[in-house]
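**Q** Need coordinates for the following:
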Amino acid sequence: MCLRCVYRYMWTPDELLGGGCLADLWDGAPADYCRAELANPGLDISGDGRLDSARLLVGESVILASDTNGDGFVDAITQIGVDNAFEAWRISELPASEHQRWQRGDDGLLA
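**A** Just a heads-up that it's a prediction; the model follows:
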């Protein structure tokens, strides 16, 4: 768990775009810790014909922020660094819990 993390109820799109909450995200963080409105999606990642994602450039990293459930808020994030290292985060409901949490899914290197 990140020792310098400060709980925030909502992040603005500019703070998400700036990587503010991404730098402090930890596995099991409350869903609202890093949840921004996806104001201008321009990509259809799911292939269902609905624009559900946006590509953000933060320094030398690319961030793909997606709204997978259609509620207008980011609930999946993939960050790809200049060294082709990536990590993917998704909001999910933990077993035996009514609360949604950020969970780290995959990480590794892109070929």
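**Q** contacting residues around the spatially most central residue of the chain?
**A** Residue closest to the average C-alpha location in the chain (CA atoms, centre = their mean): I77, at 2.8 Å. For I77, the contacting residues are 22, 25, 34, 63-66, 88-90, by CB atoms under 8 Å, 6 or more residues apart in numbering. Bear in mind the C-beta positions are built from the backbone N, C-alpha and C, glycine included.
**Q** So which of the residues you listed is the closest to D106?
**A** Of all those, A88 has the smallest distance to D106: 4.7 Å, by CB to CB.
**Q** what pairs with that closest one across the strands?
**A** T78 (DSSP bridges).
**Q** Quick check: the gap between it and E98.
**A** 24 Å (CB to CB, to the nearest Å).
**Q** neighbour count winner among those two?
**A** A count of neighbours by other CB atoms under 10 Å puts A88 above the other of A88 and E98, at 16 against 6.
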